[in-house]
Every structure is written in structure tokens, then in C-alpha cells.
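no FASTA, just this:
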């Protein structure tokens, strides 16, 4: 995460590392070898696995709205390439780049988006269906489920755990 201006906070992964290693397709032989022989952070490993997963993909054009304030999250989006800007009712902006996930906390808590998400560039995402994510979270051991509950509460600034994660 880095600040790119006073009113915009940026989230994302440095894709230059993957490009420098020649990783342009996460399922290629070269990518698998790089994954096995280089040290990657846990965030880079998770991104790599999601990037190469069989989750459905979507492509959004610049200016296209991906999520709208007041809607329920049907999918969480993992940004694979491009940049997505979210803007809340007070004008606070967040910029999500590759490796970022948006909509997961809202979906897990079953609350509506408090922001609009708009593609700033051509954006490719992987979709995580929220019904599937909720089923999986409910099956987690108490420790991992607690991490999901705590993270969701922190992101959404909730005072109490959402009923969906109790």
C-alpha cells in the first residue's frame, strides 16, 4: 500500500518482479519454475495462485462501473491487471492495482457497497462468488474464521461482528 496523493490511497502488487522473472502466464513452465525457485512473499504467492486459478475472469473498459454504491456484493474481485478506483460518498478515493481484492469484506458481512468501483484503465479481474466464499468461511476452524471476522470488521470499521461471521 502506498499513498499516491493526499486524497487517494493505492493498494497493489509490484508486477515488475513477475515481469523481470519472465512470468506473463501463471500456468507456464517458466512461471512454475520461478514459483518453485524464488522467494515470494505470502501476498505474491496468493496472487500467483489466484491469477492462475480457474475462477471466472472479467475484463472492464476504462470508465466502466464494476460495483455500485448501495448494491450487495455478489462477487469479490481480485485485480489481475489494471487499476480500479473506488470513491465513497465523501469523495475518499482508493486505487486498487494487481493483487488487490475489493468487495470481499462487504460480501462476507452481507452489507452493501459504500462506494462505487470504476475501471481507471483496462482491468482484468478474477471473480470469487460470495455464496461460495461464505460457505468456505463457515467451514474454517475457529482461528481462521476469527481472522476473517476481525479483518472484515477492521476494513468495514464495524463495532461488532457481522451475523454472517458469528
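On my side now, so go ahead. Predicted, not measured: the structure shown is a model, and the values here were computed from it. Numbering: from 1, shown residues only.

in this protein, what residue spans correspond to helices?
Counting by DSSP state H, the chain has helices at residues 16-20, 29-37, 42-51, 104-109, 130-139, 142-156.

can you redo these as a markdown table with distance to residue 120, mean neighbour count and mean pLDDT?
C-beta here means a position set from N, CA and C on the backbone, and glycine is covered the same way. Converted to a markdown table, these look like this (distance: least, C-beta to C-beta, whole Å; neighbours: other C-beta atoms under 10 Å; pLDDT from 0 to 100):
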| stretch | distance to residue 120 | mean neighbour count | mean pLDDT |
| --- | --- | --- | --- |
| helix 16-20 | 19 | 12 | 81 |
| helix 29-37 | 27 | 13 | 80 |
| helix 42-51 | 19 | 16 | 84 |
| helix 104-109 | 20 | 22 | 96 |
| helix 130-139 | 24 | 14 | 94 |
| helix 142-156 | 21 | 14 | 94 |
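
which one of the ones you listed lies closest to residue 67?
Of all the helices of the chain, it is helix 104-109 that lies closest to residue 67, at 8.6 Å by C-beta to C-beta.

elements contacting that closest one?
Contacts defined by 3 or more C-beta pairs under 8 Å, 6 or more residues apart in numbering; DSSP states H and E place helix 104-109 against strand 75-81, helix 130-139, helix 142-156.

okay, the ones you listed in a markdown table with distance to residue 39 next?
Below are those laid out as a markdown table (distance: least, C-beta to C-beta, whole Å):
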| stretch | distance to residue 39 |
| --- | --- |
| strand 75-81 | 22 |
| helix 130-139 | 28 |
| helix 142-156 | 24 |
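
could you measure from residue 80 over to residue 42?
As judged by C-beta to C-beta, to the nearest Å, residue 80 and residue 42 stand 18 Å apart.

follow-up on the earlier one: which among the helices and strands packed on helix 104-109 is found nearest to residue 166?
Of all these, helix 142-156 comes closest under C-beta to C-beta, at 7.8 Å.

how much does that closest one deviate in direction from helix 130-139?
130 degrees (axes from the mean of the first three to the mean of the last three C-alpha atoms, to 10 degrees).

the nearest residue in space to residue 106 that is not next to it in sequence and residue 15, how far apart?
Nearest residue to residue 106, sequence neighbours excluded (C-beta to C-beta, 6 or more residues apart in numbering): residue 73, at 4.4 Å. From residue 73 over to residue 15 the distance is 25 Å, taken as C-beta to C-beta.

neighbour count for those two, which is higher?
residue 73 (22 against 15; other C-beta atoms under 10 Å).
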